[in-house]
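Trainee: give me the fold of what follows.
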Amino acid sequence: MARPPAVAIRRALHRLRGVRTAPSALLRHYRARHPRPVVELVHPPHPYVRALGLVAVVLLGAWLGLLIVGGVRAPVGPMDTRMTLRPSLSGGTKINVSPLGALELRSHTAPIRLDVDVDQLDPVRAQALVDHPERLSGLQDEVARDVEHGTLDLAVRSCVAVVAGATTLGLVAYRRPRRALAAGGLALALLTASGVTAYATWNPKSVLEPKFSGLLSSAPSVVGNARSIVTEFDVYQKELARLVTNVTKLYDVTSTLPTYQPDPSTIRVLHVSDIHLNPASWKIIASLVDQYRISVIVDTGDTMDHGSAAENAFLDPIKDLDAPYVWIRGNHDSKAETQKYLSDRGRFKNVHVLDDGRAVTVAGLRFAGTGDPQYTPDRSTKAQGDPAERMAGLRLASALRDQKAAGTPVDIALAHEPVAAKEVDGTVPLVLAGHVHHQEMEILPLGTRLRIEGSTGGSGLRAVDNDDSDPDPVEASVLYLDRVTKRLQAWDEIRLGGLGLTKAEVSRHLPKENQPGATPSPSAPEGTP
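Mentor: This is a model prediction of the structure:
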């Protein structure tokens, strides 16, 4: 008897399920007895991550290589030196002169810096110079050759050190020779690129504006005077040689520093400002006057803090300074007390007080200035702000024009507030100011040069009012002016550490028109006659 179709279909499906189920059960049984190992898929690192890792290995290895074998010892004239390449963000050259300090030159911009350490004077070579002084005439050429040979040796050793350091660290980090060689090749490429950058940004005139740090008293002997720098220093290699040669003069048989000889063709102006009752300022000023053979001192005000009669005795050391003292009133100096006290010619024979455009000739220079129109310690009078300063500046500019019309043009104008000083633009070559407690130099639109001095008193007692702030530095400047043209040749910015600090820096600056090969400045600023 035939089966119904529905029954036949159900039985067929049952048989199929049995066939499919049996192997599945066997498979589960097999897997239970023989489990598969668990394999986790790890994604390879991103190419950028690998590249950054390689760069980090190269930089670290190159740095370690330079630290270990990157320096060379080279005799330079009678001196023993060590030349080293160091990683640096700003580049440049640093000449360490023990025990005097260091000279910093902005010779190039690249991620490497050249360090020249002057270790000691070789007694044999130095004695040979003493016994045969005629050799001094060729000493500069000898030093130039020594510097050239030392630099070439340093370049070769630095390449070897950088490649070896990066390759070794790459082998340690990756344990694959191919990766290690890639690290060494990349290090060599980076060093070559740094060398090309240094060559492209090489500044042969960088020695014209060095920064000296160390013993302040020896700075002029090493840096030199404005006239010799302008006329003699032309190419970097010879300048570096000359600097190292000059250092040898510091180690003479008596072991004393040479006497600094002033250039007779320059007038030296010591610019101070904002002393604010700091008694240490007088000793610093006296030292600078003696060391730099200062012709005249210019004080652009705020010598006092409150301008009271009780503070007047603070001014007494001025009469013992061995230079004329030209002074204008600041907003912390009282006209009734401070200015009147300093105006006593019987007490202060070397002091010249300028106000209301009064002019005076001192040390061959014609000065004119005006006191600050505001006296801020007087709380009974409301401060008038910048409008009062501008009005004072305009009155000073009018006085300067009158002086020029009378045939006695002013060389340097003085105003305490820079706002007032800017109003004399076009009437005088140089105007000096203070008030803002930091150093600035600016060429105004009509050609007048504005020089703003920092605080020669380190902001006075107010520097310790805030325990969380760093002490303000003590700042002053030496301005070198030509004795004939009365124009600024160069200036030295002097910066001493504030309260509790002993750091000293002297940085030399030259106007662009006074650098070798530049067009001389005109005889008078263009603008208002």
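Trainee: what residues sit buried inside stretch 186-194?
Mentor: Using 16 or more other Cβ atoms under 10 Å as the test for burial, stretch 186-194 gives 186, 187, 188, 190, 191, 194. Just so you know, the C-beta spots here come from the backbone N, C-alpha and C atoms, and that holds for glycine as well.
Trainee: of those residues, which is the nearest to residue 64?
Mentor: Distance to residue 64, by Cβ to Cβ, is smallest for residue 187 among those, at 10.9 Å.
Trainee: what's the closest non-adjacent residue to that closest one?
Mentor: residue 166 (3.4 Å; Cβ to Cβ, 6 or more residues apart in numbering).
Trainee: OK, contacts around that neighbour?
Mentor: 57, 58, 61, 62, 65, 183, 184, 186, 187 (Cβ atoms under 8 Å, 6 or more residues apart in numbering).
Trainee: and whichever strand or helix holds the third one, average pLDDT?
Mentor: Spelled out, that is residue 61. In this structure, residue 61 sits in helix 47-69 according to DSSP states H and E. The average of the pLDDT scores along helix 47-69 is 77.
Trainee: which helices and strands sit right next to the very next helix or strand once past it?
Mentor: Counting by DSSP H and E, the next helix or strand C-terminal to helix 47-69 is strand 71-76. Contact partners of strand 71-76 among helices and strands, from 3 or more Cβ pairs under 8 Å, 6 or more residues apart in numbering; DSSP states H and E: strand 79-87, helix 139-174.
Trainee: any chance of these in JSON lines with mean pLDDT and distance to residue 343 as columns?
Mentor: Formatted as JSON lines, the helices and strands packed on strand 71-76 follow (pLDDT from 0 to 100; distance: least, Cβ to Cβ, whole Å):
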{"stretch": "strand 79-87", "mean pLDDT": "78", "distance to residue 343": "53"}
{"stretch": "helix 139-174", "mean pLDDT": "76", "distance to residue 343": "52"}
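Trainee: before we move on, back to that, which of the contacts of residue 166 lies closest to residue 399?
Mentor: For the contacts of residue 166, the nearest to residue 399 is residue 62 (62.9 Å; Cβ to Cβ).
Trainee: got a list of what the closest one touches?
Mentor: 87, 161, 162, 165, 166, 187, 190, 191.
Trainee: of all those residues, which comes closest to residue 454?
Mentor: Closest approach between these and residue 454, by Cβ to Cβ: residue 87, at 32.2 Å.
Trainee: which ones are touching the closest one?
Mentor: Shown in contact with residue 87 (Cβ under 8 Å, 6+ apart): 62, 63, 66, 111, 112, 113.
Trainee: which of the residues you listed has the most neighbours?
Mentor: residue 62 (28 neighbours; other Cβ atoms under 10 Å).
Trainee: if I look at that residue, how far off is residue 202?
Mentor: Residue 62 is 22 Å from residue 202, where distance means Cβ to Cβ, to the nearest Å.
Trainee: quick check: the residue nearest to residue 187 vs residue 270, distance?
Mentor: 52 Å.
Trainee: show me the helices in the stretch 151-300 of the chain, by range?
Mentor: 177-200, 219-223, 226-232, 236-248, 280-292 (DSSP state H, counting those that start in this stretch).
Trainee: wait, isn't residue 182 in contact with residue 171?
Mentor: No: applying Cβ atoms under 8 Å, one finds residue 182 not in contact with residue 171, separated by 10.8 Å.
Trainee: list the buried residues for the helix holding residue 61?
Mentor: Neighbour count says helix 47-69 has 54, 57, 58, 59, 61, 62, 63, 64, 65, 66 buried, by 16+ other Cβ under 10 Å.
Trainee: can you tell me the closest non-neighbouring residue to the first one?
Mentor: Yep, that's residue 54 we're talking about. Residue 54's closest residue in space is residue 183 (Cβ to Cβ, 6+ apart), at 6.3 Å.
Trainee: wait, the one you found touches residue 60, no?
Mentor: No: Residue 183 is beyond contact range of residue 60, at 10.0 Å (criterion: Cβ under 8 Å).
Trainee: who touches both of these two?
Mentor: residue 169.
Trainee: nearest to residue 155, of the contacts of residue 62?
Mentor: Nearest member of the contacts of residue 62 to residue 155, counting by Cβ to Cβ, is residue 191, at 9.3 Å.
Trainee: which residues touch the closest one?
Mentor: Here residue 191 is in contact with 62, 112, 158, 159, 162 (Cβ under 8 Å, 6+ apart).
Trainee: closest one of those to residue 439?
Mentor: Using Cβ to Cβ, the contacts of residue 191 come closest to residue 439 at residue 112, 29.7 Å.
Trainee: residue 312 contacts residue 336, doesn't it?
Mentor: No: applying Cβ under 8 Å as the test, residue 312 and residue 336 come out as separate, 11.3 Å apart.
Trainee: and the two? Which one has more around it.
Mentor: Ranked by neighbour count (other Cβ under 10 Å), residue 312 and residue 336 place residue 312 first, with 17 against 11.
Trainee: got the phi/psi numbers for the closest residue to that one other than its chain neighbours?
Mentor: Nearest non-adjacent residue to residue 312, counting by Cβ to Cβ, 6+ apart: residue 341, 4.5 Å away. Per-residue torsions, residue 341: phi -60, psi -40 (degrees, to the nearest 10).
Trainee: residue 341: neighbour count?
Mentor: Residue 341 has 22 nearby residues by other Cβ under 10 Å.
Trainee: report the contact partners of it.
Mentor: Neighbours of residue 341 in contact, by Cβ under 8 Å, 6+ apart: 309, 312, 315, 347.
Trainee: residue 457 sits in which helix or strand?
Mentor: Using DSSP H and E, residue 457 falls outside every helix and strand.
Trainee: burial count for it?
Mentor: Using other Cβ under 10 Å, the number of residues around residue 457 comes to 29.
Trainee: give me the pLDDT value at the closest residue in space to it that isn't next to it in sequence.
Mentor: For residue 457, ignoring the flanking residues on the chain, the nearest one in space by Cβ to Cβ, 6+ apart is residue 278 at 3.3 Å. Looking at residue 278, its pLDDT stands at 87.
Trainee: over to residue 278: give its phi and psi.
Mentor: Dihedral angles (degrees, to the nearest 10) for residue 278: phi -90, psi 110.
Trainee: is it true that it touches residue 472?
Mentor: No: when contacts are counted by Cβ under 8 Å, residue 278 is not listed as touching residue 472 (10.1 Å).
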